[in-house]
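> Sequence plus the predicted model coming up.
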Amino acid sequence: MAATGAQADRGALLLDYAPPRAHPIVYAGILCFGFVFATGSLENLLRDDRPEVYLLYALPLLATLAFLGAMWPSRTRIHEHGIAPSRPLLLRWVRPFVRWDELAAVYPSSYDVTGAFVSPFASSDGKVTQTGLGLEWPDGRRETVKFTPTRFAQTSRRSRGYREAYAVVSELFERRGVPLVPAAPVYSDAERKAMLAKAREPFLPFFAIVFLFASAAPVAWVLLKVGLPVEVALPIALIAPLATSLRSWAKSRQRNRLLDLLSKSAQFERQRRDDRPAAESVESGRPPHSLASLDSAARPGGGRA
């Protein structure tokens, strides 16, 4: 009964979206480790048939399957009174439902597909950046509800799932008479161009990305050659790649924040432009265009009196 009451309090279900179950690299890991387990077990069977060897070959596969289960996402559900964002299994307890009246604004928000921030050419024009629903609280906290596609479009960063969700939320807020973005800064053309130019810059120079992927092995080899033990050489060799990756991740967050500011401002300006004709119609005594269209569509003969 309690669960039923909680569901009823959420209002009617308007959209039910199933996100991708896992990142493609997880499936690749399952295939790879599954092959290693099968071939290694066969070799062990033909040679010594030691039980501990089977376990060693199985550990990477079992760890990957455990990760897949722990990160199994829930469905994203949009209700009349709020949204239930997708959460991995381990985090289902974190804000399972967000009510619309808790939020200060809802607008398109940019995010990078997992791992894309290490690309040397990742920018706001590329497929690595996708668009989700940005939820913003009055205290400034933000969350992006993601709609990552299983296949990426060549010319659009807005997946079908996002487009359908945004249309549902826009219509819902319009029915409630509440703007998606009640207030936002308005930027000049020069400011917008400068922010877009900043957002389109590569996260890191090309040599830094090469350093990220290629430095660990040669550095470890040199350190081992000079006599350092493996437990010391390996952490030192990983410092540069990890630091470079963290810097790239931070730049990714900064870039997406710039795009979110522009998106929020654009949504606010669109609302102002849409509200202006309606206000002018009310002042002149004429019904807004949308009401006139509905009225004429309801008349027999296509609107003729």
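Yes, it's here.

> which secondary structure elements does the helix or strand harbouring Arg273 contact?
If you go by DSSP states H and E, Arg273 is part of helix 230-284. In terms of contacts (3 or more CB pairs under 8 Å, 6 or more residues apart in numbering; DSSP states H and E), helix 230-284 is packed against strand 105-112, strand 129-136, helix 189-199, helix 206-214, helix 216-225. Any C-beta I mention is one placed from the backbone N, CA and C, and that applies to glycine too.

> between those, which gets nearest to Thr76?
strand 129-136 (8.9 Å; CB to CB).

> Next SSE downstream of the closest one?
Next along from strand 129-136, by DSSP H and E: strand 142-145.

> What pairs with that next one, parallel or antiparallel?
strand 129-136 (antiparallel) (DSSP bridges).

> for the strand it pairs with, what is the average pLDDT?
Mean per-residue pLDDT for strand 129-136: 91.

> Tabulate the CA atom coordinates of it in PDB.
Written as PDB, here are the backbone C-alpha positions of strand 129-136 (Å, rounded to 0.1, in the frame of the first residue of the first chain):
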ATOM      1  CA  THR A 129      29.300  15.300 -26.200                       C
ATOM      2  CA  GLN A 130      25.600  14.400 -25.800                       C
ATOM      3  CA  THR A 131      22.700  16.300 -24.500                       C
ATOM      4  CA  GLY A 132      20.500  15.400 -21.500                       C
ATOM      5  CA  LEU A 133      18.000  17.100 -19.200                       C
ATOM      6  CA  GLY A 134      19.700  19.500 -16.800                       C
ATOM      7  CA  LEU A 135      18.000  19.600 -13.400                       C
ATOM      8  CA  GLU A 136      19.100  22.600 -11.300                       C
END
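
> picking that back up, need the helices and strands packed on helix 230-284 in TSV (columns: distance to Leu68 and mean neighbour count).
TSV is the format used below for the helices and strands packed on helix 230-284 (distance: least, CB to CB, whole Å; neighbours: other CB atoms under 10 Å):
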stretch	distance to Leu68	mean neighbour count
strand 105-112	21	22
strand 129-136	22	22
helix 189-199	33	13
helix 206-214	25	14
helix 216-225	27	14
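
> In contact with Val181, which residues?
105-107, 264, 267-268, 271 (CB atoms under 8 Å, 6 or more residues apart in numbering).

> Surely Lys198 touches Asn256?
No. Counting by CB atoms under 8 Å, Lys198 sits too far from Asn256 to count as a contact (12.0 Å).

> Go through the helix or strand harbouring Phe173 and flag the buried ones.
Phe173 is part of helix 160-176, with elements assigned from DSSP H and E. Residues of helix 160-176 classed as buried: 161-162, 165-166, 169, 172-173 (neighbour count, 16 or more other CB atoms under 10 Å).

> before we move on, what about stretch 11-24?
15, 17, 19, 22.

> got the CA coordinates for it in PDB?
What follows is stretch 11-24, C-alpha atoms only, in PDB (Å, rounded to 0.1, in the frame of the first residue of the first chain):
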ATOM      1  CA  GLY A  11       1.400  11.400 -10.900                       C
ATOM      2  CA  ALA A  12       0.700   9.900 -14.200                       C
ATOM      3  CA  LEU A  13       3.600   8.200 -16.000                       C
ATOM      4  CA  LEU A  14       4.400  10.300 -19.100                       C
ATOM      5  CA  LEU A  15       7.600   8.700 -20.400                       C
ATOM      6  CA  ASP A  16       9.500   5.400 -19.700                       C
ATOM      7  CA  TYR A  17      13.000   5.300 -21.100                       C
ATOM      8  CA  ALA A  18      15.400   2.400 -20.900                       C
ATOM      9  CA  PRO A  19      19.100   3.500 -21.000                       C
ATOM     10  CA  PRO A  20      21.900   1.400 -22.400                       C
ATOM     11  CA  ARG A  21      22.600  -1.400 -19.900                       C
ATOM     12  CA  ALA A  22      26.400  -0.900 -20.000                       C
ATOM     13  CA  HIS A  23      29.200   0.900 -21.700                       C
ATOM     14  CA  PRO A  24      30.400  -1.000 -24.800                       C
END
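
> That concludes my questions; thank you for your assistance.
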